[in-house]
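Enquirer: heads up, no residue letters with this:
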């Protein structure tokens, strides 16, 4: 399992990544710097990686999920409902590949900045 940090403004969000084809492609591209956007309780940003949808891709994920959105070539951090959600679920715009999970989940709700740097620990 790989350790990856997202530095968003003055908050460092720690994550643990699974060993998947998408995660390996993303790790090979690190460090990544980008400007992200918020969609409800999701922070997402475009990355210079193209990966196919994996067999276990889903549009509903657990809070704290780090995912790659194949349709938009974006990394996504989920912590609560999005405009597509039914109730309190974390729902992506369409199916995402699960890359990993956030270690310090409460910090996600504090995010306000848009600039992000993603780096291996």
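Expert: Sure thing, it's come through. In this text, all values refer to a predicted model and were calculated from it rather than measured experimentally.
Enquirer: doesn't residue 98 fall inside a strand?
Expert: Yes: assessed by DSSP: H, G, I helix; E, B strand; the rest coil, residue 98 belongs to a strand.
Enquirer: Let me see the contact set for the spatially closest residue to it that is not a sequence neighbour.
Expert: Spatial nearest neighbour of residue 98, chain neighbours left out: residue 67 (5.6 Å); criterion: CB to CB, 6 or more residues apart in numbering. C-beta here means a position set from N, CA and C on the backbone, and glycine is covered the same way. Residue 67 is in contact with 61, 75, 76, 78, 92, 96, 97, 98, 99, counting by CB atoms under 8 Å, 6 or more residues apart in numbering.
Enquirer: please redo it, this time with the cut-off set to 6 Å
Expert: Residue 67 is in contact with 76, 96, 98, 99, counting by CB atoms under 6 Å, 6 or more residues apart in numbering.
Enquirer: what's the strand or helix carrying the first one packed up against?
Expert: Residue 76 is located in strand 74-78, with elements delineated by DSSP states H and E. Judged by 3 or more CB pairs under 6 Å, 6 or more residues apart in numbering; DSSP states H and E, strand 74-78 is in contact with strand 42-46, strand 65-69.
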